[in-house]
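S.K.: I need the structure of the sequence given here:
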Amino acid sequence: MAFAPTLKTWLLVLPAVAVLGVAGYRVNGHGRAMDDTGASAMTAAAADPGVALEPVVPQALARRLAGFERSAALPSGLPLDIRADIEGDTDLFAYAQRLKVQAEQGNHEARWMLSRVYDYCAQYAVDPGGYRLDNNVLAGLGLSAAPAMVQARERVAQRCGGFVPADKLGPALVFNERRRAALQGNLAAEAALFADGEPLHDNEQYRRDLVERVRVSRDPEAYMAIAPGMGLRAAGDKALTGMVSGEQLSELAWRVAACELGLPCGPDSVLVNSFCANGGICSPDGTQDFRDFVYDAAVSRQGAGKMNEWIRQLIGKRNGR
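M.R.: Alright, predicted model coming up:
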């Protein structure tokens with residue numbers, strides 16, 4: 001997915017992420033759940049015999065029921081800025097229910113944001129209990145970088161509580177929601193499909209026109225969504241000649257440009273939280289926003305000038321760096 005971490009080759013990757021394979025990492029590249037809850041529990045018990053399994057799923061089900069009970073008292077609509085509620089301390093399960101109502105009424109912006117919620121919460125929703133046990137394993141490893149990842153993962157669990165395995169969150173559901181939104185005319189969703197290698201159309205003219213439409217739109221969601229498709233994946237694509245594309249830094253330029261255009265990129269943003277929780281890409285400085293982290297961890301002094309020029313091209317003004 002376009003907002004998911006894809007940049008482990010250039011950012012500081014938390015060493016602890018490697019142990020998720022044995023500590024109960026639940027989703028592979030095809031979105032299939034692995035039946036290893038028991039193994040995860042045994043691993044957690046070995047790491048800390050005093051760890052008790054919390055009744056996570058009952059809590060989640062209770063929260064879902066509470067959400068339905070609240071629905072009659074909540075206004076049926078969403079804020080004028082549908083995107084706003086994905087940030088902060090929003091209950092994302094309840095937010096998703098409101099988005100679904102709007103999406104089924106034909107609101108493609110609501111459907112795009114619904115896909116983002118599903119993408120953000122998928123790793124947790126596959127196995128809420130195992131997700132928390134894995135946090136205990138990570139916390140017990142004694143790695144200096146582990147606390148940042150555990151904290152980020154706990155934030156995901158807190159915000160995504162209410163989702164359960166039966167919701168079937170994962171790549172297939174996210175893709176279907178984004179394709180529906182794109183067919184309805186949502187530019188960010190269309191850009192995300194392109195970045196995932198599943199564009200609505202597969203010809204040079206379409207690819208070039210899409211990138212140009214994103215650039216002209218100045219829509220930060222669309223910029224961030226298309227970014228993974230503008231990095232190394234775009235190398236050699238004649239349709240994108242002369243555009244900011246084809247290099248590791250070009251993907252970063254699109255992402256930072258999205259921040260410059262207004263996408264929330266602060267230390268507590270969904271973007272930063274997701275990179276750390278789901279990809280192990282965590283800043284050692286918890287106060288850094290995404291832009292500063294990129295310049296500190298991924299851009300050399302020689303590359304900073306190129307980055308600034310590319311961002312200027314993308315947003316039409318000098319990056320103040």
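
S.K.: ok, Pro299 to Pro220 distance?
M.R.: To be clear, residue 299 is Val; Pro isn't right here. According to C-beta to C-beta, to the nearest Å, Val299 and Pro220 sit 20 Å apart. Yep, even glycine has a C-beta here, placed from its N, CA and C like the rest.

S.K.: Correction: the previous question concerned Met149.
M.R.: According to C-beta to C-beta, Met149 and Pro220 sit 26 Å apart.

S.K.: Who has more neighbours out of these two?
M.R.: Taking neighbours as other C-beta atoms under 10 Å, Met149 and Pro220 compare with Met149 leading, 25 against 21.

S.K.: Run a quick check on that one versus Cys276, I expect a contact.
M.R.: Yes. Look at Met149 against Cys276 with C-beta atoms under 8 Å: they come within range, at 5.8 Å.

S.K.: So what touches stretch 262-277?
M.R.: Here stretch 262-277 makes contact (C-beta atoms under 8 Å, 6 or more residues apart in numbering) with 3-5, 7, 11, 14, 86-87, 116, 120, 123, 148-149, 152-153, 155-156, 220-221, 223-224, 258-259, 281-283, 286-291, 293.

S.K.: Quick check on these: which are buried?
M.R.: Listed as buried from the contacts of stretch 262-277 are 3-5, 7, 11, 14, 86, 116, 120, 123, 148-149, 152-153, 155-156, 220-221, 223-224, 258-259, 281-283, 288-291, 293; burial here means 16 or more other C-beta atoms under 10 Å.

S.K.: In the stretch 151-300 of the chain, what residue spans correspond to helices?
M.R.: Secondary structure of the stretch 151-300 of the chain by DSSP state H, counting those that start in this stretch: the helices cover 171-183, 187-195, 204-217, 220-226, 248-260, 270-279, 290-297.

S.K.: C-alpha coordinates for the fourth one, PDB please?
M.R.: Meaning helix 220-226. Extracted C-alpha coordinates of helix 220-226, given in PDB (Å, rounded to 0.1, in the frame of the first residue of the first chain):
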ATOM      1  CA  PRO A 220      -0.800  16.100  -0.200                       C
ATOM      2  CA  GLU A 221      -2.600  12.800   0.000                       C
ATOM      3  CA  ALA A 222      -2.000  12.200  -3.700                       C
ATOM      4  CA  TYR A 223       1.600  13.200  -3.400                       C
ATOM      5  CA  MET A 224       2.200  10.800  -0.600                       C
ATOM      6  CA  ALA A 225       0.200   8.000  -2.300                       C
ATOM      7  CA  ILE A 226       2.200   8.200  -5.500                       C
END
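
S.K.: what helices or strands is that helix leaning on?
M.R.: helix 187-195, helix 204-217, helix 248-260 (3 or more C-beta pairs under 8 Å, 6 or more residues apart in numbering; DSSP states H and E).

S.K.: Just give the number of residues close to Ala122.
M.R.: Burial of Ala122 is recorded as 25 neighbouring residues (other C-beta under 10 Å).

S.K.: my bad, Gln313
M.R.: With other C-beta under 10 Å as criterion, Gln313 counts 13.

S.K.: For it, give me its contacts.
M.R.: Contact partners of Gln313, counting by C-beta under 8 Å, 6+ apart, are Val244.

S.K.: now do Leu200
M.R.: Applying C-beta under 8 Å, 6+ apart, the residues near Leu200 are 179, 182-183, 190, 193-194, 206.

S.K.: For Glu190, see how far away it is.
M.R.: Look at Leu200 and Glu190: by C-beta to C-beta, they are 6 Å apart.

S.K.: Which neighbours do those two have in common?
M.R.: By C-beta under 8 Å, 6+ apart, the residues touching both Leu200 and Glu190 are Ala182.

S.K.: now Pro267: how far from Arg291?
M.R.: Applying C-beta to C-beta to Pro267 and Arg291 gives a distance of 11 Å.

S.K.: so what does the longest helix along the chain touch, helix or strand wise?
M.R.: Assignment by DSSP state H gives helix 108-126 as the longest helix of the chain. Using 3+ C-beta pairs under 8 Å, 6+ apart, the elements in contact with helix 108-126 are helix 92-104, helix 146-160, helix 171-183, helix 187-195, helix 270-279.

S.K.: swap the cut-off to 10 Å and go again
M.R.: Helix 108-126 is packed against helix 56-71, helix 92-104, helix 128-139, helix 146-160, helix 171-183, helix 187-195, helix 220-226, helix 270-279, with contacts defined by 3 or more C-beta pairs under 10 Å, 6 or more residues apart in numbering; DSSP states H and E.

S.K.: Let me see the mean pLDDT of that helix.
M.R.: Here helix 108-126 scores 97 as its mean pLDDT.

S.K.: can you check stretch 246-256 too?
M.R.: For stretch 246-256, the per-residue pLDDT averages 94.

S.K.: With stretch 271-278 instead?
M.R.: Mean pLDDT, stretch 271-278: 93.

S.K.: try stretch 157-170
M.R.: Mean predicted lDDT for stretch 157-170 stands at 95.
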